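Participant: here is my input, please return the structure:
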Amino acid sequence: MNTVYRSTVITLIAVLCGGILVGAPAESRADDEWIREAGDILQIALPVIGGGSTFFTNPEPDQMWDKQGTKQFVYAYGTAWGSTYLLKLMAGKMRPNGDNRTSFPSGHTMSAFAGAGFIDSRYGKNWGIPALLLAGFTGYSRVHSQWHYADDVLAGASIGLITNWIFVDPQPGKFALFPTVSADGLGVQVKINGGGGADGETEDERPRGPSFVFWFGPAKVIDNHVRSIADNGTPFNLADLEGINDPTTTASVSVGVPVGARSQLLFNYAPFEARDRGSYDKDIQFGGELYPAGTNLDSAWRFYDIYAGYFYKALDNKHWWVDVGACASLQGSYAALSTEDQSTESIIEDIALFPELALALGKKFGRFGLEASGSGFVLKDEWILDAGLAAIWRMGRAWDIGARYSYFSRKIETSELLNEATYNVLQVNVSRYW
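Facilitator: I've put the predicted structure just below:
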């Protein structure tokens, strides 16, 4: 594999892995206050460094101010902030700590990734990768301090990166290297003063390279049944509580890596979290604790799906496409109940690895497309099903936008937890191709 191509692929996968790490559940402790404070500092410092650097980095020997860089930073950072503020108003999502309803997306994470993304897009990966690592720590700090869910952070990071990919070009004099894939193998296209943003090649039909896809939208829980296994606990439905975040707004990210003219590896991270409160009209035995009927309870539920798979385009012509695939899916579950005063609390979490098969059938209408798809598995009394319909608009070689309705259902029983959940998801997506 070409070195530049490999570098681009590794960078994209690193961004995805960073999203997984910053979204990992973490319990905040008083002696970890420095983590929150460091995140507060970095969400300001990174964009200040990014934007401020434009006043000292003009490659012309008789000038200091990179005026074009300043202009692009203002466009990218301003668009990121405007998008984030609008989504906060639309989503109205309650924060994990219950402070207010501005949880989605994470503004701290967006700001940090917008600054780091500008450094990466404008001045290269020698500076960009360290900046992105610091931005990832900012996202971690927001989950750790109970100010955001994992999907809030994933959305903030994606917005910060995408706006830079739209508006920011490498500094004049730097090479922009774009990986390509064809029937003859892998290659790279070299441009000077070319863009990290949309390249305007709307009629270019060259095969696309690596991809980054950001999905976001509301998810409505239908049922969410939970039972602890070790103590033969009471089955109960988390959907019977007040539903303070139902529907909730969630997000996911996919990274595609072509390995041939018709095939690709796909990596996906989809966290889904909710907290709620309420009471049950029966005694609940869960995690070794008994919660009497009528007790006011707080609940927390996390589900995440991390998968890696191989997908092959079995058919692709002017009118139709058919994709088939197989993947390994890591399904994580976390369920917690506690009394309002936290005097009684029980937490159960577990993970399980399952195989999945996938099939997608699409119909083309010029630049528009409609797709029906499904993935999952069935094994005895356990299953995973993700079925949906999508509309796709190919804006150009570098960008797609679309919308998808999904019906998701799963029943998984591990040694610790039985969880049977069903929900509807309506998401829009922004896709960037290289």
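Participant: what lines up beside the strand or helix carrying Ala421 in the sheet?
Facilitator: Here Ala421, judged by DSSP states H and E, is contained in strand 417-433. When pairs are called by DSSP bridges, strand 417-433 turns out to pair with strand 211-228 (antiparallel), strand 399-413 (antiparallel).
Participant: export the ones you listed as TSV, with columns for mean neighbour count.
Facilitator: Any C-beta I mention is one placed from the backbone N, CA and C, and that applies to glycine too. TSV is the format used below for the strands paired with strand 417-433 (neighbours: other C-beta atoms under 10 Å):
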stretch	mean neighbour count
strand 211-228	19
strand 399-413	18
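Participant: one step back: report the buried residues of the strand holding Ala421.
Facilitator: For strand 417-433, the buried set under the neighbour-count rule, 16 or more other C-beta atoms under 10 Å, comprises 417-423, 425, 427, 429-433.
Participant: need the strands paired with strand 417-433 in JSON lines with mean pLDDT and distance to Trp81, can you?
Facilitator: Shown next, in JSON lines, are those (pLDDT from 0 to 100; distance: least, C-beta to C-beta, whole Å):
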{"stretch": "strand 211-228", "mean pLDDT": "95", "distance to Trp81": "17"}
{"stretch": "strand 399-413", "mean pLDDT": "96", "distance to Trp81": "20"}
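Participant: columns distance to Gly50 on top of the ones you listed, output as a markdown table?
Facilitator: A markdown table is the format used below for the strands paired with strand 417-433 (distance: least, C-beta to C-beta, whole Å):
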| stretch | distance to Gly50 |
| --- | --- |
| strand 211-228 | 20 |
| strand 399-413 | 23 |
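Participant: for the strand holding Ala421, output the C-alpha coordinates as CSV.
Facilitator: Extracted C-alpha coordinates of strand 417-433, given in CSV (Å, rounded to 0.1, in the frame of the first residue of the first chain):
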residue,chain,number,x,y,z
LEU,A,417,-27.1,-9.0,31.9
LEU,A,418,-30.2,-9.7,29.7
ASN,A,419,-31.1,-6.7,27.5
GLU,A,420,-33.8,-6.6,24.9
ALA,A,421,-34.1,-3.2,23.3
THR,A,422,-36.0,-1.8,20.3
TYR,A,423,-36.0,1.7,18.9
ASN,A,424,-36.5,3.8,15.8
VAL,A,425,-33.8,6.1,14.5
LEU,A,426,-34.1,8.9,12.0
GLN,A,427,-30.7,10.3,11.0
VAL,A,428,-29.1,12.6,8.4
ASN,A,429,-25.5,12.1,7.3
VAL,A,430,-22.6,14.0,5.9
SER,A,431,-20.0,11.9,4.0
ARG,A,432,-16.5,13.0,3.0
TYR,A,433,-14.5,11.1,0.5
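Participant: how far off strand 211-228 does the longest helix seen in the chain point, in degrees?
Facilitator: Longest helix of the chain, by residue count under DSSP state H: helix 67-91. Here helix 67-91 points in a direction 30 degrees away from that of strand 211-228 (axes from the mean of the first three to the mean of the last three C-alpha atoms, to 10 degrees).
Participant: pull out the buried positions in helix 67-91.
Facilitator: In helix 67-91, counting by 16+ other C-beta under 10 Å, buried: 68-69, 72-73, 75-77, 79-81, 83-84, 87-88, 91.
Participant: who touches it?
Facilitator: 47, 50-51, 53-55, 57-58, 102-105, 107, 110-111, 114-115, 117-118, 122, 155-156, 159-160, 163-164, 166-169, 171-172, 216, 218, 249 (C-beta atoms under 8 Å, 6 or more residues apart in numbering).
Participant: rounded mean pLDDT for that helix, please.
Facilitator: For helix 67-91, mean pLDDT rounds to 96.
Participant: now find how far off-centre that helix is within its chain.
Facilitator: Centroid displacement of helix 67-91 relative to its chain, using C-alpha atoms, centre = their mean, to the nearest Å, is 19 Å.
Participant: name the next helix or strand downstream of that helix, please.
Facilitator: Counting by DSSP H and E, what follows helix 67-91 is helix 107-123.
Participant: got the CA coordinates for that next one in PDB?
Facilitator: Extracted in PDB, the C-alpha atoms of helix 107-123 (Å, rounded to 0.1, in the frame of the first residue of the first chain):
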ATOM      1  CA  GLY A 107     -19.500  22.600  22.300                       C
ATOM      2  CA  HIS A 108     -16.200  22.100  24.100                       C
ATOM      3  CA  THR A 109     -15.300  19.100  21.900                       C
ATOM      4  CA  MET A 110     -16.400  21.000  18.700                       C
ATOM      5  CA  SER A 111     -14.200  24.000  19.600                       C
ATOM      6  CA  ALA A 112     -11.200  21.900  20.300                       C
ATOM      7  CA  PHE A 113     -11.500  19.800  17.200                       C
ATOM      8  CA  ALA A 114     -12.200  22.800  15.000                       C
ATOM      9  CA  GLY A 115      -8.900  24.300  16.200                       C
ATOM     10  CA  ALA A 116      -7.000  21.100  15.900                       C
ATOM     11  CA  GLY A 117      -8.600  20.300  12.500                       C
ATOM     12  CA  PHE A 118      -7.600  23.700  11.200                       C
ATOM     13  CA  ILE A 119      -4.000  23.100  12.300                       C
ATOM     14  CA  ASP A 120      -4.000  19.700  10.600                       C
ATOM     15  CA  SER A 121      -5.700  20.800   7.400                       C
ATOM     16  CA  ARG A 122      -3.700  24.100   6.900                       C
ATOM     17  CA  TYR A 123      -0.300  23.200   8.300                       C
END
